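Trainee: Sequence plus the predicted model coming up.
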Number of protein chains: 2
Amino acid sequence: MNFRVLILGSNSAIPAFGRNPSAQYIQHFADAFLVDCGEGTQIRLSNFRVKRGKIRAIFISHLHGDHIFGLPGLLTTFSLSGFENEIHIIGPIGLKRFIETNLEISQSTLRFPIHIRELEENYSGIVYETSKLEVRTFPLNHRIATFGYCFQEKQKPLRLRGEHLEQYKLVPEKIHAIRSGADLQLPNGLVIPNSELTLPPHPSYSYAYCSDTLYDESLLNYIEHIDVLYHEATFGKDMKDLAKERYHSTSVEAAQIALLAKVKTLYLGHFSSRYQELEPLLEEAKTVFKDSHLAIEGQWIDIDQ
Amino acid sequence: MNFRVLILGSNSAIPAFGRNPSAQYIQHFADAFLVDCGEGTQIRLSNFRVKRGKIRAIFISHLHGDHIFGLPGLLTTFSLSGFENEIHIIGPIGLKRFIETNLEISQSTLRFPIHIRELEENYSGIVYETSKLEVRTFPLNHRIATFGYCFQEKQKPLRLRGEHLEQYKLVPEKIHAIRSGADLQLPNGLVIPNSELTLPPHPSYSYAYCSDTLYDESLLNYIEHIDVLYHEATFGKDMKDLAKERYHSTSVEAAQIALLAKVKTLYLGHFSSRYQELEPLLEEAKTVFKDSHLAIEGQWIDIDQ
């Protein structure tokens, strides 16, 4: 699996029943990312034996404490542990002051570069990319400026029909050109069209993180037809009014978004500390969207399958 | 046991081997206190099922992240959980800005009052007291302004000789006066001297917290003859030079301070993450001060015995 998500925390603000505040580790080939960084994220990265040296960027949904209070400790521990790569940190306005004030007061100097990008309220667009992946942000509907993030694999190269590798003795440069769509000209002048040399590319997969948010169908503009959706489900359906008042969603509302967005799989998270048992929330969601699951700490979710 | 300490974290800056950054919970009769508040302190209070509603004050040694990064999350969780008592928070200059900036950026409003007191560099003196206990601070010798804290029980009342309770049919006010040292005048005018009515008070116990600090004998002015000393022991004796360079102590130096201060018992803590096994540090300390122990997370230390 080259594209997978590790749940580091899926509870709402008050840690309860062994569940911790929001954080996820996303691995895509040799790169990794964090989404949100609740208190204790560094501890759980360590407990789950995750390779933190691969982390290239940290995406912050919003500035409520249960999504950011683990960030200063994580950065200082990374620094003391010899982490050397640059890290991009992306999130709402205020993020820069949060990080810089905490580092300054604790007299911490990071030994690696960080690049903080603050997003204007309601911004949407690509905020990070690698050769294989792009990360797009979009506004959620919460009490304060809040952003969702969609991790979309770029179109993959065409697959070479195995028999041609041998037949034409292709060198790497040629292989690269053909996988990008070029035809092959043989020494005798004959041209083999690309369609005879290749098969369609492997599918590109996508994952979106939507927490915290009110039920809001404008999200569909950004997450339609994605593969896996993480959507907050702070409350059960009997708490719909409270959910609305607090700009959160019920598990049924999360399922409704998944259904309308025609995603393949839904993961529920950001559970209220009032729930010791989460199965009832899951069962409610399944009545609306069958392929619903609970996001449980320590769980790896495969996106590319 | 009416006076005891729960170790919530006794590692140095990088969490390792299941050990977390600095924090302690101190219970004295119906009151409780925290000393330092490293990341995850709120989680461990919850895991160890500690009554956090009793917490009256939080004492911060210094502003390095591994001693304070748990404070914003702890305060906001207390607030969301319905905590209502006022809390005094005492520590170095900068503490107020640290707390206020984190609360402001995370848009958190506490539902209970906090009173922050910042200590001038090198300050020593009483910073908190109850009817039964006083807390005295004193400067440690670290890279930045750092304070130790000594929890000293006030003199306890005289003990009443049991037989007199019955014989003279003493009412509560009389008992209180006698236990405070008054003589007893009988209805017939006869005066019974206090010395015939009472036994000496139970002993008063004391506990001091010294982390982080260079080996510094000026500490003896503040901790002589106390009962239990927690002293940092970041390194083993072979790392004495590095300890000095980083303004930390070795376990042998901690033991030397305990010996010179004539304390009863020493607890070592703030262990470097380079040590998976801590027994060698303990053995080194014991060669200097026999009654040395390791401060282990989850361990209750009885002070009044």
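Mentor: Done, it's in.
Trainee: From here on, just use CA atoms for contacts and neighbour counts.
Mentor: Will do.
Trainee: got the phi/psi numbers for residue A:216?
Mentor: phi -150, psi 110 (degrees, to the nearest 10).
Trainee: Check whether the residue lying closest to it once chain neighbours are set aside sits in a helix, strand or coil.
Mentor: Spatial nearest neighbour of residue A:216, excluding adjacent residues (Cα to Cα, 6 or more residues apart in numbering or on different chains): residue A:141 at 6.9 Å. At residue A:141 the chain is in coil, as set by DSSP: H, G, I helix; E, B strand; the rest coil.
Trainee: For residue A:141, give me the pLDDT.
Mentor: pLDDT, residue A:141: 97.
Trainee: Ok, residue A:163 next?
Mentor: So residue A:163 comes in at 78 (pLDDT).
Trainee: what about it, which helix or strand?
Mentor: Under DSSP states H and E, the secondary-structure element containing residue A:163 is helix A:162-168.
Trainee: Show me which parts of that helix are buried, residue by residue.
Mentor: By 16 or more other Cα atoms under 10 Å in any protein chain shown, helix A:162-168 has no buried positions at all.
Trainee: Which is the succeeding secondary structure element to it?
Mentor: Heading C-terminal from helix A:162-168 (DSSP H and E), you reach helix A:172-179.
Trainee: Which elements pack onto that following helix?
Mentor: Judged by 3 or more Cα pairs under 8 Å, 6 or more residues apart in numbering or on different chains; DSSP states H and E, helix A:172-179 is in contact with strand A:159-160.
Trainee: got a list of contacts for the strand it packs on?
Mentor: For strand A:159-160, contacts defined as Cα atoms under 8 Å, 6 or more residues apart in numbering or on different chains pick out A:175, A:178, A:179, A:197, A:198, A:199, A:200, A:201, A:202.
Trainee: could you flag which of those residues are buried?
Mentor: Applying 16+ other Cα under 10 Å to those flags A:175, A:178, A:179, A:197, A:198 as buried.
Trainee: could I get the residues you listed as JSON lines with pLDDT?
Mentor: JSON lines is the format used below for the buried ones among the contacts of strand A:159-160 (pLDDT from 0 to 100):
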{"residue": "A:175", "pLDDT": "90"}
{"residue": "A:178", "pLDDT": "93"}
{"residue": "A:179", "pLDDT": "93"}
{"residue": "A:197", "pLDDT": "92"}
{"residue": "A:198", "pLDDT": "94"}
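Trainee: Next, the contact list for residue A:68, please.
Mentor: Contact analysis of residue A:68 by Cα under 8 Å, 6+ apart lists A:36, A:37, A:38, A:39, A:60, A:62.
Trainee: The residue of chain A most remote from its centre and residue A:177, how far apart?
Mentor: Of all residues in chain A, residue A:188 has its C-alpha farthest from the mean position, at 49.6 Å, by Cα atoms, centre = their mean. Distance of residue A:188 to residue A:177, given as Cα to Cα, to the nearest Å: 19 Å.
Trainee: just to revisit the earlier point, so which of the contacts of residue A:68 comes closest to chain B?
Mentor: Ranked by distance to chain B (Cα to the nearest Cα), these are led by residue A:39 at 6.4 Å.
Trainee: If you drop the residues flanking it in sequence, what lies closest to that closest one?
Mentor: That would be residue A:70: by Cα to Cα, 6+ apart, it lies 3.7 Å from residue A:39.
Trainee: Please tell me I have it right and that neighbour contacts residue A:43.
Mentor: No: judged on Cα atoms under 8 Å, residue A:70 makes no contact with residue A:43 at a distance of 9.4 Å.
Trainee: So between those two, which is more surrounded?
Mentor: residue A:70 (26 against 23; other Cα atoms under 10 Å in any protein chain shown).
Trainee: For the residue nearest to residue A:39, grab phi and psi.
Mentor: Per degrees, to the nearest 10, the backbone of residue A:70 is at phi -90, psi -10.
Trainee: pLDDT value on it, please?
Mentor: For residue A:70, the predicted pLDDT is 98.
Trainee: Now do the same contact list for it.
Mentor: Taking Cα under 8 Å, 6+ apart as the test, what residue A:70 contacts is A:37, A:38, A:39, A:40, A:41, A:42, B:39, B:69.
Trainee: Name the helix or strand of chain A that has the lowest mean pLDDT.
Mentor: Counting by mean pLDDT, DSSP states H and E, the weakest-scoring helix or strand in chain A turns out to be helix A:162-168, with a mean of 77.
Trainee: all helices in chain A, in order from the N-terminus.
Mentor: Applying DSSP state H to chain A gives helices spanning A:41-47, A:65-68, A:71-80, A:95-105, A:162-168, A:172-179, A:194-197, A:220-223, A:240-245, A:251-261, A:279-286.
Trainee: got a list of contacts for the fifth one?
Mentor: If I follow you right, that is helix A:162-168. A:170, A:197.
Trainee: List the residues that contact the closest residue to residue A:302 other than its chain neighbours.
Mentor: In this structure, residue A:302 finds its nearest non-sequential neighbour in residue A:4, 4.4 Å apart by Cα to Cα, 6+ apart. Neighbour list for residue A:4: A:26, A:27, A:28, A:300, A:301, A:302, A:303, A:304 [criterion: Cα under 8 Å, 6+ apart].
Trainee: Now render these as a markdown table, adding pLDDT.
Mentor: Formatted as a markdown table, these follow (pLDDT from 0 to 100):
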| residue | pLDDT |
| --- | --- |
| A:26 | 98 |
| A:27 | 97 |
| A:28 | 98 |
| A:300 | 97 |
| A:301 | 98 |
| A:302 | 97 |
| A:303 | 98 |
| A:304 | 94 |
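Trainee: any low-confidence regions in the stretch 151-300 of chain A?
Mentor: For the stretch 151-300 of chain A, no stretch has pLDDT under 70.
Trainee: Next one: residue A:203 from residue A:156, what distance?
Mentor: 7 Å.
Trainee: cool, and residue A:81?
Mentor: For residue A:81 relative to residue A:156 (Cα to Cα), the value is 35 Å.
Trainee: Give the burial count for the residue nearest to residue A:48 when sequence neighbours are not counted, as a bare number.
Mentor: Distance criterion Cα to Cα, 6+ apart; nearest residue to residue A:48, sequence neighbours excluded, is residue A:298 at 6.8 Å. For residue A:298, the count of nearby residues is 16 (other Cα under 10 Å).
Trainee: Identify the residues contacting residue A:298.
Mentor: So residue A:298 contacts A:6, A:7, A:8, A:48 (Cα under 8 Å, 6+ apart).
Trainee: Dump the residues you listed to CSV, plus neighbour count and pLDDT.
Mentor: Converted to CSV, the contacts of residue A:298 look like this (neighbours: other Cα atoms under 10 Å in any protein chain shown; pLDDT from 0 to 100):
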residue, neighbour count, pLDDT
A:6, 22, 98
A:7, 22, 98
A:8, 32, 97
A:48, 13, 94
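Trainee: for those, which one is nearest chain B?
Mentor: Nearest to chain B among the contacts of residue A:298 is residue A:48, at 11.8 Å by Cα to the nearest Cα.
Trainee: my guess is residue A:251 contacts residue A:230, does it?
Mentor: No: between residue A:251 and residue A:230 there is no contact under Cα under 8 Å: 11.3 Å.
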